[in-house]
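Engineer: quick one, structure for this:
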Amino acid sequence: MRFNGHNLLAILAAAVAIYLLEFVLFGLIISADQYMAMLGVNADQLHADRMPFGIIPPILAAIGLSLAVKWRNAPGFMGGATTGVWMAIFFAFAASLYGFVYGSNNETFLAVNLGHFVVCYAVAGGILGAWK
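Structural biologist: Predicted coordinates for the structure are as follows:
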């Protein structure tokens, strides 16, 4: 199933992969107390009511990665994964720096966020590059 040359099933699979990797990292590996400490917030400042919107960023990222892989003409898993790494560093991680520079995020969260974006976007880009 394609739309404007983009495989919609591949985009969905990439979004699900990002979402699952983020769940493993931020839901299973890092405890709630560690997460709050890295963000510099307490439990009262978290917004559990916003959790249903958590699928939106992975979907938007997968769509953007699909565009980048296509524009870069980087087919195959490695071509897509490389595109994903570049997009993670120069866009996703760059945007997340605002929370550190102007917010309360600490250096640990910055490092975790960089690693999380690189892994998630590399896997998603690889899926998009490999899936024809």
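Engineer: for the residue sitting furthest away from the middle of the chain, helix, strand, or coil?
Structural biologist: Ranked by distance from the centre of the chain (Cα atoms, centre = their mean), the top residue is Asp44, with 25.5 Å. Classification of Asp44 by DSSP: H, G, I helix; E, B strand; the rest coil places it in helix.
Engineer: quick one: it from Leu114, how far?
Structural biologist: Look at Asp44 and Leu114: by Cβ to Cβ, to the nearest Å, they are 28 Å apart. C-betas here are computed from N, CA, C, even on glycine.
Engineer: His47 too?
Structural biologist: For His47, the distance to Leu114 - Cβ to Cβ - is 24 Å.
Engineer: ok, the two, which is more surrounded?
Structural biologist: Higher neighbour count among His47 and Leu114: Leu114, with 16 against 7, using other Cβ atoms under 10 Å.
Engineer: okay, strands next: where are they in the protein?
Structural biologist: With strands called from DSSP state E, the chain shows them at 2-3, 6-7.
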